[in-house]
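Trainee: fold the following for me, if possible:
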Amino acid sequence: MRSHPLSLIRLAGLPLSLTLLSILAGSVINRVMVVELGLPVLLAGLFLAIPLLISPVRIWLGHLSDAYPIRGLRREPYLICGAVLSGVGVALSVALVVQTPAPISAGAALILLGLLLYGVGRNLVGNTFQALLTDRFAPGVSRGRAANLYEVVSILGLVIGAGLLGLALRPYSAERLVLAVAVTAALAVLLSVLAALGQEPRRAELREAAEQARAESFWRSVRTLIWADPQARLFLAVITLTVLGTQMQDVLMEPYAGLVLGMDVAATTRLTMFWGIGALASILLSGLVLIRWLGLARLYRLGIGLLLPLFVLVVLAGAIQAPLLLQLCVLGLGLCSGLAAASLLAQALELTSARSAGLLLGAWGLGFQLGRALASLMGAGLVDLMNLVTGDLPLLAYGVAFAAETALLIGALLAFGRLRIRAARALSET
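Mentor: Here you go, the predicted structure:
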């Protein structure tokens with residue numbers, strides 16, 4: 001295994017390529033389907049939900065990577081295969097979207113197939129990349145730092161990639177879109193291949209771990225390591241509750257700022273920027289120094305503990321009509337959410353074993369995905385319900401939603417207090 005700094009920099013091509021493809025499969029397709037092509041928003045939303053809806057497959061994909069090496073390697077071939085599936089799926093979807101197929105047609109079915117390929121490939125790459133980190137980096141600070149610094153690469157790639165793609169699509173035309181997507185997808189696949197080659201450790205204990213994983217069936221591994229282990233179930237609950245409590249504001253904050261504080265579109269859009277700056281700064285600091293200084297448990301408690309009063313201040317900002325206070329609160333929410341996320345990401349990589357890293361990381365990744373999916377549904381649904389009950393009082397409706405986030409985070413903090421990761425069954429595997 002190579003540990004040269006250039007090799008570690010090259011490895012960043014994997015999260016970067018995933019980010020580039022997510023821009024294409026997310027904001028670009030969504031915008032084109034709804035605005036340029038006039039397709040139903042519900043149809044666009046359904047298509048975009050496909051990668052999320054099939055995320056449970058990542059547990060099985062993780063087991064596949066653990067137990068069935070290809071030519072003696074159990075990470076690199078799956079990374080390359082996933083990258084190709086993702087790139088082909090995105091390119092196929094966009095090429096067909098611009099043909100404006102009818103909602104019920106062979107073209108629409110092929111778009112769906114393309115997004116399914118993208119979803120499978122994305123889950124395969126994301127999960128296998130994290131498993132590769134557990135194989136490559138020693139447990140503890142080194143592994144947690146690597147996970148969070150590569151997460152920073154993803155966030156930066158999202159910001160820079162979206163900006164460059166926006167410039168490439170100006171002025172918009174269907175032909176320009178297809179060309180930009182084809183070039184971006186090909187670049188993402190090339191980045192993944194170059195990043196993956198030569199990165200996997202060639203150690204005897206990892207070959208033995210693959211043989212051990214293959215000796216036990218997928219469902220038996222799931223039952224033994226996750227379902228029958230109280231610590232694994234509790235950790236999954238902590239992840240889901242934390243993501244729910246920190247991500248509901250994604251769907252709430254901009255409408256709240258517009259309806260309650262009267263902020264214009266430009267001002268509410270900047271709130272996302274403030275949140276992103278805070279999250280990026282805290283994840284970067286966590287990877288560089290905070291994990292080593294504070295430890296993962298203290299870092300998580302610090303992030304969640306600081307979040308709780310911030311939601312009170314968010315409601316206060318609406319009550320006293322203080323846009324500046326809201327902006328500062330959103331910056332703080334990004335900072336504190338980033339601390340909690342950095343801790344959970346590092347702990348997810350710690351609660352693994354050489355034998356079952358892919359399978360376990362698939363389960364923890366499912367917790368993150370499930371939390372994100374439920375956050376949007378719960379946040380929007382709760383506001384609509386409160387508006388119906390109270391006769392459209394936005395401050396009260398959104399205040400109740402923010403209070404619900406606080407309650408979820410308190411639940412996550414209480415569950416975390418009962419968590420004993422070192423007692424998890426997966427860590428006793430031999």
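Trainee: state the number of residues packed around A297.
Mentor: Applying other C-beta atoms under 10 Å, we find 14 residues neighbouring A297. Backbone N, C-alpha and C define where each C-beta goes, glycine included.
Trainee: correction: the previous question concerned Q212.
Mentor: As a measure of burial, Q212 has 17 neighbours, counting by other C-beta under 10 Å.
Trainee: for S65, see how far away the residue nearest to it when sequence neighbours are not counted is.
Mentor: Distances taken as C-beta to C-beta, 6 or more residues apart in numbering put R355 closest to Q212, at 4.8 Å, once the chain neighbours are dropped. Plainly put, R355 is 12 Å away from S65 if you go by C-beta to C-beta, to the nearest Å.
Trainee: neighbour count: those two, which is higher?
Mentor: S65 (30 against 26).
Trainee: show me what contacts that one?
Mentor: When contacts are counted by C-beta atoms under 8 Å, 6 or more residues apart in numbering, S65 touches R74, R75, Y78, L124, N127, T128, A131, G358.
Trainee: and of the residues you listed, the nearest to N387?
Mentor: Using C-beta to C-beta, N127 comes nearest to N387 of the contacts of S65, at 38.9 Å.
Trainee: in terms of contact, does the closest one touch L359 like I think?
Mentor: No - judged on C-beta atoms under 8 Å, N127 makes no contact with L359 at a distance of 9.1 Å.
Trainee: higher neighbour count, those two?
Mentor: Each of N127 and L359 has its neighbours counted (other C-beta under 10 Å); N127 has more, 32 against 29.
Trainee: which positions in the helix or strand harbouring that one come out as buried?
Mentor: Per DSSP states H and E, N127 falls inside helix 106-136. The neighbour-count check on helix 106-136 (16 or more other C-beta atoms under 10 Å) flags 108, 110-111, 114-136 as buried.
Trainee: for that helix, packing partners?
Mentor: Counting contacts by 3 or more C-beta pairs under 8 Å, 6 or more residues apart in numbering; DSSP states H and E, helix 106-136 packs against helix 13-23, helix 41-53, helix 57-67, helix 76-97, helix 141-168, helix 323-350, helix 357-390.
Trainee: where among the ones you listed is the average confidence lowest?
Mentor: Per-stretch averages of pLDDT across these put helix 41-53 at the bottom, with a mean of 67.
Trainee: from the middle of its chain, how far away would stretch 89-104 be?
Mentor: The chain centroid and the centroid of stretch 89-104 are separated by 25 Å, computed with C-alpha atoms, centre = their mean, to the nearest Å.
Trainee: can you check stretch 75-89 too?
Mentor: On the basis of C-alpha atoms, centre = their mean, stretch 75-89 is displaced by 18 Å from the centre of the chain it belongs to.
Trainee: cool, stretch 356-367 as well?
Mentor: Offset of stretch 356-367 from its chain centre (C-alpha atoms, centre = their mean): 13 Å.
Trainee: which residues does it contact?
Mentor: Contacts of stretch 356-367 (C-beta under 8 Å, 6+ apart): 55-56, 58-66, 74, 123, 126-128, 130-131, 134-135, 213, 218, 221-222, 225-226, 232, 235-237, 239-240, 243, 348-349, 351-353, 426, 429.
Trainee: which among these count as buried?
Mentor: The neighbour count (16+ other C-beta under 10 Å) marks 55, 58-66, 74, 123, 126-128, 130-131, 134-135, 213, 218, 221-222, 225-226, 232, 235-237, 239-240, 243, 348-349, 351-353, 426, 429 as buried among these.
Trainee: next up, the contacts around P171.
Mentor: Contacts for P171 were tallied using C-beta under 8 Å, 6+ apart; there are none.
Trainee: state the distance from the residue lying closest to I59 once chain neighbours are set aside to L124.
Mentor: For I59, ignoring the flanking residues on the chain, the nearest one in space by C-beta to C-beta, 6+ apart is G362 at 3.7 Å. For G362, the distance to L124 equals 10 Å [C-beta to C-beta].
Trainee: now do the shared contacts for these two.
Mentor: By C-beta under 8 Å, 6+ apart, the residues touching both G362 and L124 are R58, L61.
Trainee: how about A348, nearest residue that isn't a chain neighbour?
Mentor: For A348, the spatially nearest residue (C-beta to C-beta, 6+ apart) is W364, at 4.1 Å.
Trainee: check the gap between the one you found and N123 for me.
Mentor: For W364 relative to N123 (C-beta to C-beta), the value is 13 Å.
Trainee: what does L164 give?
Mentor: Distance of L164 to N123, computed by C-beta to C-beta: 26 Å.
Trainee: cool, and L335?
Mentor: As defined by C-beta to C-beta, L335 lies at a distance of 29 Å from N123.
Trainee: also L132?
Mentor: Separation of L132 from N123 (C-beta to C-beta): 15 Å.
Trainee: could you do V189 as well?
Mentor: Using C-beta to C-beta, we find V189 at a distance of 16 Å from N123.
Trainee: kindly report the same for Q231.
Mentor: Per C-beta to C-beta, Q231 is found 24 Å from N123.
Trainee: give the contact list for S17.
Mentor: S17 touches A83, V125, L187, A188, V189, L191, S192, A195, counting by C-beta under 8 Å, 6+ apart.
Trainee: the fourth one - that's part of a helix, no?
Mentor: Right, the one you point to is A188. Yes - according to DSSP: H, G, I helix; E, B strand; the rest coil, A188 belongs to a helix.
Trainee: can you get me a residue count around the residue nearest to P15 when sequence neighbours are not counted?
Mentor: Among residues not flanking P15 along the chain, S154 sits closest, at 4.4 Å (C-beta to C-beta, 6+ apart). Per other C-beta under 10 Å, the neighbour tally for S154 reads 17.
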